[in-house]
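> Whatever this is, show me its structure:
(one chain, ligands or ions: 2)
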Amino acid sequence: MTTPLNSPAQRWLDTPLLSVEHLTMRFGGIVAVDDLSFQVGRGDITALIGPNGAGKTTVFNCLTGFYKPSEGRIVMRHGPGPHDAALAAAHSGGLRHSKDGDSGVFLLERMPDFEIPRQAGVARTFQNIRLFGGMTVLENLLVAQHNGLMVASGYTLGGILGLPGYRRAEKKAIDRAVYWLEQTALLDRADDPAGDLSYGAQRRLEIARAMCTGPKLLCLDEPAAGLNPRESAELNRLIRTIRDEHGTSVLLIEHDMGVVMEISDHVVVLDYGVKIADGSAETVRNDPKVIAAYLGVEDEAEAEDIVEGVAS
Ligand SMILES: Nc1ncnc2c1ncn2[C@@H]1O[C@H](COP(=O)(O)OP(=O)(O)OP(=O)(O)O)[C@@H](O)[C@H]1O
Ligand SMILES: [Mg+2]
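Numbers count the residues shown, from 1 in each chain. Ligands and ions are numbered 1, 2, ... in the order given. So this is what the prediction gives:
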């Protein structure tokens, strides 16, 4: 096998955190995602890009259990492994996951949506912001940690009222919320209704909410949409901090090519539900198929002509 030219660190091949394998999602006659396979590298910022209607949000909906895929497998890998043995065990046993200490595999297509953030460590934000607008900013972050608090209560009222374990968990939840409010520059808005925040601030609050669940993979659906250039630059910094200081890998849907090229280690391109390119930002940027898809031209030759015309 030859080594690809652009392989300083192809973590998506060497140490994948997530593998999407032959994913297909049909809605009646529409094939929104068609036999899609790609991997997300551990510690990478990966961009999933493509024209409108390419199937990007549908992929997120499959990853996070909102949709059950028509076909295919989605595997999250935790810890150092060995993952192959765990995967075989999960498969042969018809299990949703197979864990051994810190290592484990999670078959997301088998898991109900509420288990995916808590167990598999996958959190997301939405293309159309979904916050509790009437609740305060802080309350939105505490609701996100509801699961952990209920576990600490032993699922009883007595637990909530009396157990020191619950009070400790509650303090931890508040500390975590305050930490993410600081990181997203929202601490001074903690007691305001989320619905009163500006659009950019609501987008940051959604990210803070997802991070309060302590994810291994954060999926962001068009986080820069509607942001001004200053907010967009702040968002890039926040995404980098999340990856660099918290070890959370990021999968990002984004239309803004400036954002994609600046922060992504790896780019996967979809068009009409089919993967048309997969590689480093540099390789994908110069791929005629990608340029053709973005310019909406019929074929690659025409795209090459246009690109050459622009370059000359
Ligand atoms: N629940 C659904 N029922 C029927 N069709 C759907 C459903 N969800 C998505 N689709 C269709 O699947 C295709 C892909 O949609 P999707 O929202 O995943 O695209 P996208 O790449 O996120 O686009 P955009 O950039 O505009 O957000 C579209 O043709 C869409 O109409
Ligand atoms: Mg979308």
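
> only C-alpha atoms for contact and neighbour calcs from this point on.
Fine.

> who's in contact with the residue nearest the centre of the chain?
Taking C-alpha atoms, centre = their mean, the centroid of the chain lies closest to Cys219, which sits 1.3 Å from it. By C-alpha atoms under 8 Å, 6 or more residues apart in numbering, the contact set of Cys219 is 60, 122-125, 250-253.

> May I have the secondary structure class of the nearest residue to Gln183 once chain neighbours are set aside?
For Gln183, ignoring the flanking residues on the chain, the nearest one in space by C-alpha to C-alpha, 6 or more residues apart in numbering is Leu238 at 7.5 Å. Of the three states, Leu238 takes helix under DSSP: H, G, I helix; E, B strand; the rest coil.

> Equivalent analysis for Arg73, please.
Once three-state DSSP is applied, Arg73 turns out strand.

> Mind jotting down where the helices sit in the protein?
Using DSSP state H, the helices of the chain run over 11-14, 56-63, 83-92, 115, 137-143, 146-153, 157-162, 164-183, 199-211, 229-246, 257-263, 281-285, 288-295, 300-311.

> sorry, back to before: report the separation between the residue nearest to the centre of the chain and Phe27.
23 Å (C-alpha to C-alpha, to the nearest Å).

> next one: Asp84
Look at Asp84 and Phe27: by C-alpha to C-alpha, they are 32 Å apart.

> residues in contact with the closest residue to Ala177 other than its chain neighbours?
Distance criterion C-alpha to C-alpha, 6+ apart; nearest residue to Ala177, sequence neighbours excluded, is Leu141 at 5.7 Å. The contact partners of Leu141, by C-alpha under 8 Å, 6+ apart, come to 177, 208-209, 212.

> quick one: low-confidence parts of this structure?
Within the chain, the segments meeting pLDDT under 70 span 1-8, 152-153, 155, 158-160, 162, 295-312.

> Tell me, how many residues neighbour Leu161?
11 (other C-alpha atoms under 10 Å).

> Quick one: residues contacting it.
Per C-alpha under 8 Å, 6+ apart, neighbours of Leu161: none.

> Distance-wise, check it relative to Gly148.
To Gly148, Leu161 is 16 Å away according to C-alpha to C-alpha.

> How about Gly29?
From Gly29 to Gly148 the distance is 41 Å (C-alpha to C-alpha).

> related to what we said a few turns ago, tell me the two of the contacts of Cys219 that are most distant?
Largest separation among the contacts of Cys219 by C-alpha to C-alpha: Val122 and Ile253, giving 15.0 Å.

> So Val178 sits against Arg189, correct?
No: using C-alpha atoms under 8 Å, Val178 is not in contact with Arg189, being 11.0 Å away.

> what about those two, which has more around it?
Neighbour count, other C-alpha under 10 Å: between Val178 and Arg189, Val178 has more, with 19 against 16.

> any residue of stretch 218-231 up close to ligand 1?
No: Stretch 218-231 lies out of reach of ligand 1 by C-alpha under 6 Å from any ligand atom, never closer than 8.0 Å.

> ok, and for that stretch, which residues are buried?
For stretch 218-231, the buried set under the neighbour-count rule, 16 or more other C-alpha atoms under 10 Å, comprises 218-225, 227.

> Show me the residues you listed that map onto strands.
Mapping the buried residues of stretch 218-231 onto strands (DSSP state E) picks out 218-221.

> for the residues you listed, which one is nearest ligand 1?
Closest approach to ligand 1 among these (C-alpha to the nearest ligand atom): Asp221, at 8.2 Å.

> could you list every residue that touches the closest one?
Contacts of Asp221 (C-alpha under 8 Å, 6+ apart): 57, 60, 124-127, 252-254.

> Would you mind putting these into CSV with distance to ligand 1 and neighbour count alongside?
Converted to CSV, those look like this (distance: C-alpha to the nearest ligand atom, whole Å; neighbours: other C-alpha atoms under 10 Å):
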residue, distance to ligand 1, neighbour count
Thr57, 4, 20
Phe60, 8, 22
Arg124, 14, 24
Thr125, 13, 24
Phe126, 10, 18
Gln127, 7, 15
Leu252, 12, 25
Ile253, 8, 24
Glu254, 8, 20
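
> Flag every residue of the chain that's near ligand 1.
27, 32, 51-58.

> Give me the buried entries from these.
Those of the residues of the chain next to ligand 1 that meet the buried threshold are 32, 51, 54-58, by 16+ other C-alpha under 10 Å.
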